[in-house]
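>>> A structural model of the following input is requested.
(2 chains)
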Amino acid sequence: MTHSPSPEPPPPQPAVEVDVARSGGIAGITRRWSAQPVGDESSEWISLIDRCPWDDVEPTAAAPDGEADAAPAAPPARADERAPVPDGFTWWIRATWSGTDPREVELVDADVVGAWRDLVDAVREWNRRGDGR
Amino acid sequence: MKSPGIVPPYLLARIAAAQEGSWARAADAAQRTLAAPRDYTPGRRTRLRLSIEEPGVLVAETTPAPDREISDAQHREVLPGARVRGEDDPPTGDTAVDEAFDGLGATFDFWWDAFARDSIDGSGSSLLATVHYGRDYDNAFWNGERMVFGDGDDDVFSGFTGSLSVIAHELAHGVVEDSGGLLYRDQSGALNESIADVFGALAEQHLAGHTADEATWLIGEGIFTDAVQGRALRSLAAPGTAYDDDVLGKDPQPAHMSGFVQTRDDNGGVHINSGIPNHAFYLVATALGGHAWERAGLVWYRTLTAGTLPQTADFVTFAHATLASATAEYGEESEEVDAVRAGWVGVGVIPDDAQPQP
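Residues are numbered from 1 along each chain as shown, chains lettered A, B, ... in the order given. The predicted structure follows:
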């Protein structure tokens, strides 16, 4: 859509994809955003991804099997340990780039702060540039 | 709690001569009558209400009054924000502040008039709201102690305080919590959502004076921008038909167990499967007719506040609990019990030939 597949071999820069889904809210409408930066943009995105505390959040049930084999992190602060806020948003964030395992977390709205917020905002902004709403 | 005073007919004549400005005197007289000791908590806000119930009888009563406080988060995501309007303050001129204030008042009146419930906790708790939360924040939620309203992003939502059903929905989450709570996940979460929708819709009907046949049965009418193809967030009358938009997609609510949605999103689809109990309530209310809060609403209210509803209640458990409440309130052979049973049968939660559990 925003970048046409090239018939040539993939460029040396890793291909990055960050997907965000926000479910819940009083509307109960799930919104999805995705960023697939290429070329020079990618390294900025990887540092954005690296600043997020992925290991502090327990992998979600839908995490790929490969991740379950990874060394377990220290006792994680589970997102669902705090009671869900009625009508609060739930965020699901997944980052993938070639050569690494995908990373995936689920967060309640109040936890989407700091680096998480920067990443989510970047994905939504990237998406906004790509299409209308 | 209610302490009505019957004012003799001659006073009504004075009221009738109100053109001369003697309304004030009549009210004053009624007020003096009511100066007698009352069974109210000292310090509790009350107000005087005058009404004509039968020809020639003026009824004056003191009722609890709301204690509202609106704060402004000033586009940050920090609660509570700066206090901008209290109960005795005049309108601020800020639309969101004043709409939230008025909506809280209408919701308070609904709970009192319909069920003699004094605020969220039944004991006159303050009604707290924060508006202008976050930047382009697309949501309204209940954080356990206050209602929080974003302004919307102007793409999808134009704001949330303009809809009384939204305000009353948030407050109803507080009533659910106070009544023992329903776990906000899967079927119990969908019941939590449905109860918030039911009382949200009823508060709006109460303000408009609508009967079940006149009501829109919509939640959040008017909060979408003109760019969105849809009337509201949800419809109790016809779940699944509230919107159908090229960006938002189609309203995913089922109206029957045959359409129950399994999903990890939204705490197990609490805003989706709530369509099923929502529609059951609609079927009960329209079968009974009249003001929906008077009978169908009372049955739901008694069920919620009986103190016997488990936090993990599923649809079937809740359906049987409403049958028990209707039986206790109206008797086993009543049209109310028949309507409640038919409502749950109609959405496929209980089988056609089910008998109420003992």
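
>>> so where's chain A shaky on pLDDT?
Residue ranges of chain A with pLDDT under 70: A:1-14, A:58-82, A:99, A:131-133.

>>> interface residues of it facing chain B?
A:21, A:23-30, A:61-62, A:83-90, A:92, A:109, A:132-133 (C-beta under 8 Å from any C-beta of the partner chain). For every residue, glycine as well, the C-beta is placed using N, CA and C.

>>> what's residue B:299 sitting at in phi/psi?
Main-chain torsions, residue B:299, degrees, to the nearest 10: phi -60, psi -40.

>>> wait, it sits on residue B:321?
No - applying C-beta atoms under 8 Å as the test, residue B:299 and residue B:321 come out as separate, 9.7 Å apart.

>>> now the helix ranked longest in chain A: buried residues?
When chain A is parsed with DSSP state H, its longest helix is helix A:114-130. Residues A:116, A:119, A:120, A:122, A:123, A:124, A:126, A:127 are the ones in helix A:114-130 that count as buried (16 or more other C-beta atoms under 10 Å in any protein chain shown).

>>> of all these, which two lie farthest apart?
Checked with C-beta to C-beta, those reach their widest spread between A:116 and A:127, with 16.6 Å between them.

>>> how about the residues of the stretch 51-200 of chain B near chain A?
Neighbours of chain A within the stretch 51-200 of chain B, by C-beta under 8 Å from any C-beta: B:138-144, B:155-157, B:160, B:166, B:169-170, B:173, B:176-177, B:184-185, B:189, B:192-193, B:196.

>>> how about low-confidence regions in chain B?
B:1-43, B:354-358.

>>> excluding chain neighbours, give the residue nearest to the residue in it positioned nearest to chain A in space.
Residue of chain B nearest chain A, by C-beta to the nearest C-beta: residue B:271 (2.3 Å). Excluding the flanking residues, the one nearest residue B:271 by C-beta to C-beta, 6 or more residues apart in numbering or on different chains is residue A:28, at 2.3 Å.

>>> helix, strand, or coil at that neighbour?
coil (DSSP: H, G, I helix; E, B strand; the rest coil).

>>> what does it show for phi and psi?
According to degrees, to the nearest 10, residue A:28 has phi 60, psi 20.

>>> cool, the one 3 residues further on as well?
When read as degrees, to the nearest 10, the backbone of residue A:31 gives phi -110, psi 140.

>>> what is the burial count for it?
Residue A:31 has 19 neighbours, counted by other C-beta atoms under 10 Å in any protein chain shown.

>>> wait, it sits on residue A:89?
No - Residue A:31 is beyond contact range of residue A:89, at 9.3 Å (criterion: C-beta under 8 Å).

>>> hang on, the earlier thing: between residue B:299 and residue B:321, which one's more packed in?
residue B:299 (28 against 21).

>>> look up how far residue B:180 lies from that one.
Here residue B:299 is placed at a distance of 17 Å from residue B:180 (C-beta to C-beta, to the nearest Å).

>>> please apply the same query to residue B:270.
17 Å.

>>> the two: who's more crowded?
Between residue B:270 and residue B:180, counting by other C-beta under 10 Å, residue B:270 is the more crowded of the two (29 against 15).

>>> so what's the more buried one up against?
Residue B:270 sits next to A:24, A:28, B:184, B:185, B:186, B:189, B:190, B:192, B:193 when contact means C-beta atoms under 8 Å, 6 or more residues apart in numbering or on different chains.

>>> could you redo the last one with a cut-off of 7 Å?
B:184, B:185, B:189, B:190, B:192, B:193 (C-beta atoms under 7 Å, 6 or more residues apart in numbering or on different chains).

>>> do you have the strands of the stretch 1-150 of chain B handy? List them.
B:3-7, B:46-54, B:57-64, B:68-72, B:82-86, B:127-131, B:140-142, B:147-149 (DSSP state E, counting those that start in this stretch).

>>> which other helices and strands does the longest one contact?
Secondary structure elements in contact with strand B:46-54, counted by 3 or more C-beta pairs under 7 Å, 6 or more residues apart in numbering or on different chains; DSSP states H and E, are helix B:23-33, strand B:57-64.

>>> do the same with the third one
Contact partners of strand B:57-64 among helices and strands, from 3+ C-beta pairs under 7 Å, 6+ apart: strand B:3-7, helix B:9-16, strand B:46-54.

>>> mind doing that once more with 10 Å?
Here strand B:57-64 touches strand B:3-7, helix B:9-16, helix B:23-33, strand B:46-54, helix B:95-115, going by 3 or more C-beta pairs under 10 Å, 6 or more residues apart in numbering or on different chains; DSSP states H and E.

>>> the fifth one now?
Here strand B:82-86 is seen to pack against strand B:68-72, helix B:95-115, strand B:127-131 when contacts are counted using 3+ C-beta pairs under 10 Å, 6+ apart.

>>> can you do 7 Å?
So strand B:82-86, by 3+ C-beta pairs under 7 Å, 6+ apart, packs with strand B:68-72, helix B:95-115.

>>> between strand B:68-72 and it, find me the angle.
150 degrees (axes from the mean of the first three to the mean of the last three C-alpha atoms, to 10 degrees).

>>> and the angle from strand B:82-86 to helix B:95-115?
Comparing the axes of strand B:82-86 and helix B:95-115 via the same axes, to 10 degrees yields an angle of 50 degrees.

>>> fine by me, thanks again.
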